[in-house]
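In: Predicted coordinates and the sequence they were generated for:
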Amino acid sequence: MTELDEDETSKALGQFNFALNGLLYPLRLYGQGHYVDMVSQEVVKLAWQLHWRLEGVDEPYEVEDLHY
């Protein structure tokens, strides 16, 4: 894999968040916006953890315990 500079990383994160919000948008129609926001943040954290795992950093996945 190649190193991304700060602008490319920011752009990639923005595109990821945009796609994720599009996938979760139907839940907002049913009044679940608060939960969508909480889960979206955790999915982004998991994505970063997956990235580092694929780069060879062997750490367990960690997620916040979201109380519904």
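Out: Sure, I can see it. Residues are numbered from 1 along each chain as shown.

In: drop to CA atoms for contacts and neighbour counts, all remaining ones
Out: OK.

In: Where does the most centrally placed residue in the chain fall, secondary structure wise?
Out: Note on the chain: the residue nearest the mean C-alpha position is V44, at 1.4 Å, using Cα atoms, centre = their mean. According to DSSP states H and E, V44 maps onto helix 33-54.

In: Give me the buried positions along that helix.
Out: Within helix 33-54, the residues that count as buried by 16 or more other Cα atoms under 10 Å are V36, V39, E42, K45, Q49, L50.

In: can you redo those residues as a markdown table with pLDDT and distance to L66?
Out: What follows is the buried residues of helix 33-54, written out as a markdown table (pLDDT from 0 to 100; distance: Cα to Cα, whole Å):
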| residue | pLDDT | distance to L66 |
| --- | --- | --- |
| V36 | 91 | 11 |
| V39 | 92 | 8 |
| E42 | 93 | 9 |
| K45 | 95 | 14 |
| Q49 | 95 | 18 |
| L50 | 95 | 20 |
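
In: returning to that earlier point: can you list the neighbours in contact with the helix holding V44?
Out: For helix 33-54, contacts defined as Cα atoms under 8 Å, 6 or more residues apart in numbering pick out 17, 20-21, 24, 27-28, 58-59, 61-64, 66, 68.
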